[in-house]
Every structure is written in structure tokens, then in C-alpha cells.
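# After the sequence you'll find the predicted model.
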Amino acid sequence: MVKENCDEAAQLKEAESTIPLQLRGIKHAILIGDECQLPATVKSNVSAESGFGRSLFDRLSSLGHSKHLLNVQYRMHPDISFFPNWKFYQNQILDAENVTSKSYEKRYLSGPMFGSYSFINVVGGREEKDDDGRSRRNLVEVAVVIKIVQSLHKAWNESKKKLSIGVVSPYAAQVVSIQEKLAHKYDKIDGFSVKVKSVDGFQGGEEDIIILSTVRSNIRGSVGFIDSPQRTNVALTRARHCLWILGNDRTLFNSESVWKEIVLDARSRNCLFDADDDESLRTTIISAKKELEQLDDLVNGKSVLFRHAKWKVLFSDDFRRSFAKLTYSWLKKVVLNLLLKLSGGWRPKNRSVDMCCERSSQILKQFKVEGLYVICTVDIIKESKYIQVLKIWDLLPFDEISKLTKRLESIFAAYTDDYISRCTAKSFEGNLEVPRSWPASPEMIRYRNLSNCEDENDLSTNQGDGRNFVENSKVSESLLLMKFYSLSSGVVNHLLSGKDIDLPMQVTDEQMDIILFNKSSFIIGRSGTGKTTILTMKLYQNEQSFRIASQGFYEAESSGVNDTEFDDEDKEIKQNVLRQLFVTVSPKLCHAVKHHVSHITSISSNGNSSTEINLEDADITTDFVDIPDTFIDIPKKNYPLVMTFEKFLMMMDGTLGNSFFERFPEAREGSHGNHISSRSIALQTFIRLRNVTFDKFHLHYWPRFNENLKKKLDASRVFTEIISHIKGGLQAGESNDGKLTFEHYSSLSEGRASTLTQQKRETVYTLFQAYEKMKTERGEFDWGDLVNDLHHRLKSINYEGDQMDFVYIDEVQDLSMRQISLFKYICQNVEEGFIFAGDTAQTIARGIDFRFEDIRSLFYTEFLTSKPIGKQEKGRVSEKFHLKQNFRTHAGVLELAQSVIDILYCYFKHSVDILEPETSLISGEAPVLLESGNDENAIVTIFDGTGTSGELVGFGAEQVILVRDDSAKTEICEYVGKQALVLTIVECKGLEFQDVFMNELGKSIWTNVERLMKQQNVSH
């Protein structure tokens, strides 16, 4: 005979009960369970309503089948069993002798509140949904639970008697919040255990003490699913000696559920206590509520911590990534709240936060927050003066701290003793620690190796031996190249939003000097030295200053200054907008800068910008859809403007009327006699087909020129002479038609503007004349024609478009002098409104040839001398700012780059500005040369011709393949498909990636070098 026993049968669905009943030979089935406790779980409401959640136990009971009641309970103290026995079992349950004995009554904490059974009324708690919106939590109750557990542990330490505690809550979010607060603190203590589970998770379990957190706290009396009598019965019957219920008595009383009866019962038995009656719990609740209010203020930017900040707090990309991984929004708020408290000068009183380090024990600090550690250092930055700041490096668990500490220590070892002394210097205002500051001069030396060099040039001469490198790491993991961001209310708001957007970056001391320079300036530096960063941050700084000034104006007007009479000029200022314009040639660089500027300016205005940057989508026609065709009355919301130089030309053309393109019938198609729109498909098609670029010049014009004239001249050099000198040079504007005459061009100094002999220049001019005639016959144009037409119209009519306050021109080396001089018409703020940045060693626009001194000369003749400036200021042109430190790559790459620059110096010394070599504080290996084992392209070998259907080979958003031109790009894309980003040299200008694969560029470089060496009879 076979017997089948089924425990917790009331939780087993009836359909599931049939499974064990199918066993062969069963004669008896014994169902053990309690229909007054948790039923079977059915997630579908339809199934539940249809009775599919009913157990076989419940079915038989409802049919009157005889059942045997085990009517003696051996677990609960009688004070605990009283209510469930009366409510759920009609007083049929008897208390066993063991639970009624005097010895079964335990007192773990002093005071009547912590007897065998009590309802602890927690007023002021606030229920809230978790981040997923599926469960609820009450962080004030969490704080009370943690305080009670701490008190129990303290009391246990004195007795060492075995004690088990169960913390129970109906809500999963509350369980998780309590678990995170406890942070496994009591997991490995012999004789003292704490388990935190949901009510369902505690079914069948028991502990010495049960702390029940009910969570709900609202004026409506809404308690949700905890009104289930069965779930409530389980929660109330888990404790042996003590059951302490935490809840809001008013909410539960108003629920009209079983909880109303629990509150009434506790009150009638004098077991209901206010948590505020206990001093330690009262302090805990006040502290928790205060913290919650501060956390709420973080979101709306009203926290007093923002207003009382004394320290500038900078956080790293690593911290940002660790912060983004935090699961719960409340935890993110707690971390940010700590950072804001630190910025206000608060420091822990009873424990040291200094870390044990050899040289930096008072520089490197750690602050514990919810089981994690904020790792930060005291550092010094230069603004209007040198000042201490807090740099937040990361948010780490304890076991990962040592790795970061070791890396930081290697960097601190390179600090000068004076620098460390200043970092560790402390100053106080009462109980608050405040930052120390020092005058901006003399310069503060950070690294030992730099300060030991009598001449800064010495540093670059011995880079190869590694002695001058502060760090040896991958560029992607470098702490020295790590980007930092300043904490502010706007930044906090975006961090809490979880959106991955660009933030305003903290710049270096050198970059800050340039940003704060209040005159028009010229910035030159090789790729990766931070030119674009300076331009965008100066734009952002000006936006910030203007917004602060505007807010001050509004606040003054709204706080009792209304009776003051404002003149018209003041009113204009109040209503005005800061008009800033950023221009570059490359559409992809423009696309990236446009989104970056949109992100960082939204921070200061608490706006919302979350558009991701996709270089594949960098399309001039979509990027400027929100910008008008003219500079006249541009909507304020469009500022600051970020555009390509081509868009700038089209807007200038639209501003002046009588468009340059009206002379071309193809461009007028679809305009129906109206003004030609730069967005018209006809005009865009015309420009694409009829604009003479170098490729078109080389393909369609050069082959048709007289062969005798082309001897010893190449197409690139001739096109450059035409665009940069004959039609776009400094002197071209002096001619009526914007083109140098034959005599003028022939007489140019051989040593400066042109390196050609006079005979070759005469030949070039003849080719230029043939080119102009052929271009007219073909109905085509080049950008020089449009630029000259704009200059011609601007001489006869006034520019009536918006006047810019600041103009930023990036990669200026890609523009001709005549193109640059157009900017003088749109900005009258000549003294401080222009910032030019670039590097003539990176001129990639075909047909452009000039040096930075040419820009300064142009600025003097075309900008300064034509504007009404004070006598003392007239004619003064600021010096060039030379950026030498590279923030993008390591010394191994820089050494290779410098070898290419040295070749340019040798063969093109009149076209390239000679600068001091770039420096890097991190070492690195030389670039790797990959060669295919056969004659095919290495790309084919790597990707195996898989195209779009093959497996990925490790290329991602941070990697790029660079090729010479569009034809090479088309060829490579056939092999790689969409597995990798492929860009031409022109397209990648100003962008940066973690890894770069240069496809056959090196071969073409060295082929050209060998050709040049042969031409000049230079031996290998």
C-alpha cells in the first residue's frame, strides 16, 4: 500500500495536485496545509477569477470533507498568537506549555515598545514606487529597521546568546532596500543572524524576532495587496518571542481591511507605540526625512547644498560609468547628496577618511556610502587663481580600491614636494573645511620631471627613454587623460536622468588661460591638443556668463528695483540673446560639435537634450533644417549657431538678396521666380553636380589643358595656386573682380606667398585663364566665385543680418584668406569676438595654402584697421597660443606623427608652421604595421570578405578605418559592410577614436617621400 503525503497542500493548485495522484498503487493521500495562509499563486487575473488558483485542499474543505485541526501551536509567545488565533482560527488554537512558560518571554531591548508584541507607529514615512514602478518602498521605515537591528546587535554583543532576526515586508522593493542598507554586515557573525525576505518568502519559516515593515503610508488608506487576510496571517505568525510591526496607524486604520482590526487590537491591548517616543528612533526618523528632503531637492535643483557649496567637485568618466550602473534612483541620490555635502565643506568627525599611501596620505581620501566607497583626491586647478578642488575618481566596492590606489600613487610620486604640500594644506571656517587658494602667478609646477628641466625643450628631446613619462598605460585606461566634469544642479539633473549625454568638461590650466583671455585670439596646435575643446568651452563659458548676467538683471527688476527707470539700451540688453557662431569646414566634425554644444548648453539651462551622435548620419541637409536660409532675424532658440562653412556661405548669399545662383538656370528650377532657397532640391543638386572641387578639376579640367603647360606641374599645385592665391589670397581683394592680375600674381615674392619661380607662375596663370573660360562654358562654379560675389555685393550694400557677439572658427587652415575675411561683416566685436583655431600641418581642404601668420596679417588689415577702435587699441593683434600637450594619444603615436611632420618641414617649409614637438605624459608602444601574407589588401585578410553577413571582428563605435578618398572608401566598404566605420581623411578631421586602422595610407606617404627625395637628389 502506497501513501502520498503533500505538505503545504493549500498552496498547490488543484491541477498540480493531480500529478502525484497519478502514481501507481496509491491508496491514501494525506493533504497537510492551512487554507488560512498563502494560497496557490496564479498570475493571470482571468485564471484566478475562473478558479484555477484553488487548491485541492480548499476544494475538499469547501465540500465539507472531514479534516483534522492541529490545534496546539508551539512557536509563538501568546501575545503574538492572540490576534491571528482570534481573527483567522476562531480561537480554536491552544498555546503549548513551552510558549506559556515564563522563560519563553524574552526582552532583547529595553522599554515597553520592544515587548513580545507591539505595533510601532511610524509617522512621516513616505511610500514611493521603485524605479520600475512595480513595487513600493518606504525609506523612513527602512531607516527604522536598520536602527532596530543595530540596537539588537549592540545588545547581543553583551550577552552573546544566540539570536535570529527576520525582517519581513510584503513588498520586494522594501526587501531590496533593507538588504542594500544592511550590506551583508551581519552575514558572517556566529550566533547572530539577520534574514530579510518578503512575506511569501517567509512562508513556513520562523525566527526569534520578526520585524514587519508594512510600507504603506498615505492619507487615502490605500494598502493594495497587503489587505489579503492570508498574506497578513503568514506575516503575523513567523515570530517566536517578539513581533514588532512597523506601519502608519492612520493609513492602515483607514484601509477598511484586516489591518484596521490589527491597529484597533494593538491599541486596546496597549501595544501601540509611537516611534517618536523612543529617542534613538526619533533621531533616526528626523535624519531620514531630512535626507529624503535633500534628495528631492537634488532633482529640482533647490538643494541648499548647491547654494552653500565651497568646493568645486570634479568627477571622472570612471565615476560616471560606475554611477550609471547603480540600480536604484534613491541610491544615486544618496551618492550625489554625499558629493554635495563634501562640496559644502562637511567632513566626517569621528573617523579618518585619509587613505594609507606613501606620498599622498592626505591627498587620497575615501568616503563610505551605502556599502560603496567614493574615492577622491584633493587637487589644484587654475581659474582666475590657483584653488583646491575635490576630484572624484570612482565609486567602488572595498575590494577594488587597492588597484586604483596603486595607480594613483604612481602618479603622485611624480608630484613636486611643493605641489603635494599645497594639496594637503587645510583651512577651516568653523567646522567646515574650505579650499585654499593662491595667486595665479608664479606658475605652480605639478610634476618633478618638468620642474627639473631648465628649458621646456629639453623634455621633448629625451622622450624616448621613458624617464619623463608620468604614466604607463593604455590610452583608454589612462588616469592622466581621464575627462572630468564639474558638479552643478544641471549636471546632477542629467546624471539622475540616466541619459548618456555630453557634459561640460573641466579643462587644463593652459586651456583655462586661453578661455579666460578677453581678446580675439589665435590658437594653433597639432591634432589632439584640445583646440576644439577650448572653442566649445569658451562658447559655453560665454553662455554661462550671459545667462548669469541676465538672471541678475531679472532678479534686480523683480526685487524692488521696479521703480528705477531703465533706458532703452538697458531694455534692449534685457530682451537680447547672446549670438554666438561656430563654423568649421568638415560636415562630420560640425555634426559632432553641434550635438556636443547642444548637450552642454542644455545643462546650464536645465534643458533636455539626449540625441545620440551618429557619424554615419552626419548630413548637412538634416543638420541645418532648423536654421533659416538667412542671417536676418534668426530665432533666439537657434543660438548658439553651429554650422559648416558651406552653410555659412549659403546663408550669407540668402541674406544679401539677388542670389549668386540665380545666374544658373539649373539652380532656379522650381523656384518659380521666387528667391532661391538653399534647401531646394534643385539648388542642392546643382551644387553637387556643378561645384568644381579638386576631384572634378583633376578629372574633367586637367586632362584638357595644354600638355606643354602642364610639364613639371601637378594638378594639386595648380589648383592650390588658383584657389588660395589668385582668387583667395590676401591681395586678391584689392582687385575689382577679386582675382589677382597677371602682373600682380607674377610679382609675388618667391620666398613667401608662393614657392614657384616666376616662369612657373606665369604658366599657372595661363592655366588659370583656361580654367575660368572652360568653367564658364560648362556652366560650373567654384567656392571662390561665390566668395568673390559675396564680397562684391557687400561693398555696394550693407549687411543687414544679425550681428554676432562671438565667432569661433575651427580648423581655420581649411579656409582661404578671402573666405575668412567674410566674417568681418557679421561681427563688429573685433576686439574680443573672434577665436581662430587650427594647424597648417593638417590642411586637408584641397586648394588651400597658408600659414597662421597669414591669418594674423589678414586680421590686422581686414578686421582691425577697418573698425572704429580706440587709438591705443588700434592695430594690436594678440599673440598666438601654441598648444603642445596632447590629450588624445601616447608618446609612441606622437613620435610617428612627428616623423611625418619633420618630412613636411623639410619639403614644405613655406606652407607649414614650425612648432615645438607635442608632448605626452603617458608612454606607449609604436604603431603596428600589418601586412597581408599575400598581395591582397590587409583589410580583406582581416574581414575575410564577409561583408555584412560575417561575424564581427572587434570593430565598434570607438574604432575607425581611415582611407585616402571616396573611391578607396567605396572599395573597403564592399569588404567590411557595416561591421566597421570607414571614413576618409577629410571626413575624420577633428574627430577621435580609441583605435585607428590606416589602410594603405603609409604606403602612399612613403612613395611620395621617395619621389620627392629623387627630385631633390637626396640620398636614402
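Cool, got the structure.

# for residue 982, phi and psi?
phi -120, psi 120 (degrees, to the nearest 10).

# Also residue 164?
Torsion angles, degrees, to the nearest 10, at residue 164: phi -120, psi 130.

# max-length helix in the protein?
Longest helix in the chain, counting residues (DSSP state H): helix 531-558.

# tell me which residues in that helix are buried?
Within helix 531-558, the residues scored as buried using 16 or more other CB atoms under 10 Å are 531-544, 546, 550. From N, CA and C alone the C-beta is placed, and that goes for glycine too.

# which one of those is nearest residue 970?
Nearest to residue 970 among the buried residues of helix 531-558 is residue 532, at 28.6 Å by CB to CB.

# who's in contact with the closest one?
589, 593, 810, 837, 990 (CB atoms under 8 Å, 6 or more residues apart in numbering).

# As a markdown table, these with pLDDT would be great.
Output for these, formatted as a markdown table (pLDDT from 0 to 100):
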| residue | pLDDT |
| --- | --- |
| 589 | 86 |
| 593 | 90 |
| 810 | 93 |
| 837 | 92 |
| 990 | 63 |
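
# Just to be sure, which of those residues are found in strands?
Among the contacts of residue 532, DSSP state E puts residue 837 in strands.

# Just send the contacts of residue 532 back as CSV, with neighbour count and distance to residue 182 too.
Output for those, formatted as CSV (neighbours: other CB atoms under 10 Å; distance: CB to CB, whole Å):
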residue, neighbour count, distance to residue 182
589, 21, 51
593, 25, 48
810, 27, 53
837, 27, 54
990, 20, 51
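
# of all the contacts of residue 532, which comes closest to residue 476?
residue 990 (19.6 Å).

# Check what pLDDT residue 484 gets.
What the model reports for residue 484 is a pLDDT of 92.

# Quickly list what it is bridged to.
Counting by DSSP bridges, residue 484 is bridged to residue 316.

# Strands along the stretch 851-1000 of the chain, start to end?
Ranges of strands in the stretch 851-1000 of the chain, per DSSP state E, counting those that start in this stretch, are 880-883, 922-923, 959-963, 982-984, 995-998.

# And those strands: which comes nearest residue 401?
strand 922-923 (22.6 Å).

# and the closest one, how far from the chain's centre?
25 Å (CA atoms, centre = their mean, to the nearest Å).

# neighbouring strands for the strand or helix carrying residue 583, and are they parallel or not?
Residue 583 belongs to strand 580-584 when assigned by DSSP states H and E. According to DSSP bridges, strand 580-584 forms sheet pairs with strand 641-644 (parallel), strand 806-809 (parallel).

# Rounded mean pLDDT for the last one, please.
Translated: strand 806-809. On average, strand 806-809 scores 96.

# re earlier: could the strands of the stretch 851-1000 of the chain be laid out in CSV, adding mean neighbour count?
Listed next are the strands of the stretch 851-1000 of the chain as CSV, based on neighbours: other CB atoms under 10 Å:
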stretch, mean neighbour count
strand 880-883, 20
strand 922-923, 20
strand 959-963, 22
strand 982-984, 21
strand 995-998, 16
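
# of all the ones you listed, which lies closest to residue 9?
The closest of those to residue 9 is strand 959-963. By CB to CB, the value is 60.5 Å.

# Against which helices or strands is that closest one packed?
With contacts taken as 3 or more CB pairs under 8 Å, 6 or more residues apart in numbering; DSSP states H and E, strand 959-963 sits against helix 966-976, strand 982-984, strand 995-998.

# How far off centre is the strand holding residue 583?
Mean-position distance between strand 580-584 and its chain equals 23 Å (CA atoms, centre = their mean).

# now stretch 590-599
Distance, centroid of stretch 590-599 to centroid of chain: 13 Å (CA atoms, centre = their mean).

# likewise stretch 476-487?
Computed by CA atoms, centre = their mean, the separation of stretch 476-487 from the middle of its chain amounts to 12 Å.

# What of stretch 325-343?
Put simply, stretch 325-343 sits 16 Å off its chain's centre (CA atoms, centre = their mean).

# Doesn't residue 108 belong to a helix?
No: the assignment for residue 108 by DSSP: H, G, I helix; E, B strand; the rest coil gives coil, which leaves it out of any helix.

# before we move on, back to that, report the angle between the strand holding residue 583 and helix 531-558.
Put simply, strand 580-584 runs at 170 degrees to helix 531-558, going by axes from the mean of the first three to the mean of the last three CA atoms, to 10 degrees.

# Which residues does strand 580-584 contact?
With CB under 8 Å, 6+ apart as the criterion, strand 580-584 contacts 535-536, 539, 542-543, 590, 593, 597, 639-645, 648, 804-811, 814, 823, 826-827, 990.

# Show me which of these are buried.
Buried, going by 16+ other CB under 10 Å: 535-536, 539, 542-543, 590, 593, 597, 639-645, 648, 804-811, 814, 823, 826-827, 990, out of the contacts of strand 580-584.

# Let me know the pLDDT of the closest residue in space to residue 915 that isn't next to it in sequence.
Counting by CB to CB, 6 or more residues apart in numbering, residue 915 lies nearest to residue 882, which is 6.2 Å off, once chain neighbours are set aside. Among the per-residue scores, residue 882 holds a pLDDT of 89.

# hang on, residue 882 packs against residue 522?
No: assessed by CB atoms under 8 Å, residue 882 is found out of contact with residue 522, at 9.6 Å.

# thinking again about what came up before, reformat the helices and strands packed on strand 959-963 as JSON lines; add distance to residue 667 and mean pLDDT.
Compiled in JSON lines, those are given as follows (distance: least, CB to CB, whole Å; pLDDT from 0 to 100):
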{"stretch": "helix 966-976", "distance to residue 667": "24", "mean pLDDT": "81"}
{"stretch": "strand 982-984", "distance to residue 667": "27", "mean pLDDT": "85"}
{"stretch": "strand 995-998", "distance to residue 667": "39", "mean pLDDT": "80"}
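
# In CSV, list the strands paired with strand 580-584 along with distance to residue 912.
Listed next are those as CSV, based on distance: least, CB to CB, whole Å:
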stretch, distance to residue 912
strand 641-644, 25
strand 806-809, 19
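
# Which one, of these, ends up nearest to residue 249?
For those, the distance to residue 249 is smallest for strand 641-644, at 59.4 Å, taking CB to CB.

# following that closest one, which helix or strand shows up next?
Proceeding N to C from strand 641-644, the next assigned helix or strand is helix 645-656, under DSSP H and E.

# Okay, angle between that next one and strand 580-584 too, please.
Going by the same axes, to 10 degrees, helix 645-656 makes 130 degrees with strand 580-584.
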